[in-house]
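Asker: just coords:
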């Protein structure tokens, strides 16, 4: 069901609305409507709005307020129409939603203080401050579809042809227009066979043919340099994300270790997870 679809426009309800004017100093308990005596409050509207996708949150407040209140009224009426009896599936679905929501509340509270400026700085120092300098490579390549073709082009280069000219005329990838120039890159940026060849190649000497999943390469490393550590601002979000990830894992681990957990020896067919019909028994 999509939000604010107008699907319930024709529904007749026992509803009283309490929106004659702006309330003075309202609280979350301010009653906006009742459905058969059950209150719909400002807090209900706020929490519903907070869980909406961003495209709905961008709607004008007046339009969104009315839409949410109408939706809550309709939902309350529909919920009441079920009466007091819920199926096993209904009860378990509600329990699952409650467990999911509250476990997330506990997790967010448990890691709330994990990501701080001090923690990010410490992670930055640990990763970059005392790390050994890493080399970056300025390399060019020629990519063709066969080893024999690569060998033919290598002979041309060894015979005096300029690497860039041969690349422009023969290389099959997008770097051909730039004479095969791949710019500067560090380890981890290229596929393994290519990287291994670059790392071991003497500066200024063409190596190859080297086979990768893309084809056959001739490679020329023209220069190397020590890579400067990135500025903290550049890697801040990356470091913060890792700190949070580590904090989540640690909090889950310590919390579950404190719990008394017993796994039974009941054996069931894993395929039963697809049998929704069991919930009706």
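Answerer: Yes, it's here. Predicted, not measured: the structure shown is a model, and the values here were computed from it. Numbering: from 1, shown residues only.
Asker: Residue 135 looks like it's in a strand, true?
Answerer: Yes - counting by DSSP: H, G, I helix; E, B strand; the rest coil, residue 135 is located in a strand.
Asker: tell me which residues form a beta bridge with it?
Answerer: residue 226 (DSSP bridges).
Asker: Wait, it touches residue 226, no?
Answerer: Yes - using Cβ atoms under 8 Å, residue 135 is in contact with residue 226, at 6.5 Å. Heads up, the C-betas are built off the backbone N, CA and C, glycines and all.
Asker: for the top helix by length along the chain, packing partners?
Answerer: Using DSSP state H, we find that the single longest helix of the chain is helix 232-258. Applying 3 or more Cβ pairs under 8 Å, 6 or more residues apart in numbering; DSSP states H and E, one finds that helix 232-258 contacts helix 88-110, helix 117-124.
Asker: Pick the most buried one from the ones you listed.
Answerer: Neighbour counts (mean count of other Cβ atoms under 10 Å) averaged over each of those peak at helix 117-124, with a mean of 15.
Asker: pLDDT averaged over it, what's the number?
Answerer: For helix 117-124, the mean per-residue pLDDT is 96.
Asker: Mind listing residues that contact that helix?
Answerer: Under the contact criterion Cβ atoms under 8 Å, 6 or more residues apart in numbering, helix 117-124 has outside partners 232, 235, 236, 239, 240, 242, 243.
Asker: Now list the buried members of the residues you listed.
Answerer: Among these, those that count as buried by neighbour count (16 or more other Cβ atoms under 10 Å) are 235, 236, 239, 240, 243.
Asker: And those residues, which is closest to residue 167?
Answerer: Using Cβ to Cβ, residue 235 comes nearest to residue 167 of those, at 33.6 Å.
Asker: What separation is there between the residue nearest to that closest one when sequence neighbours are not counted and residue 186?
Answerer: Leaving aside its sequence neighbours, residue 235 sits nearest to residue 124 (Cβ to Cβ, 6 or more residues apart in numbering; 6.8 Å). Between residue 124 and residue 186 the computed distance is 18 Å (Cβ to Cβ, to the nearest Å).
Asker: and for stretch 38-50, what are the contacting residues?
Answerer: 26-34, 56-57, 64-65, 68-69, 71-73, 76, 80.
Asker: how near is the most far-flung residue of the chain relative to its centre to residue 276?
Answerer: Distance from the centre of the chain peaks at residue 159, with 51.3 Å (Cα atoms, centre = their mean). Distance of residue 159 to residue 276, computed by Cβ to Cβ: 72 Å.
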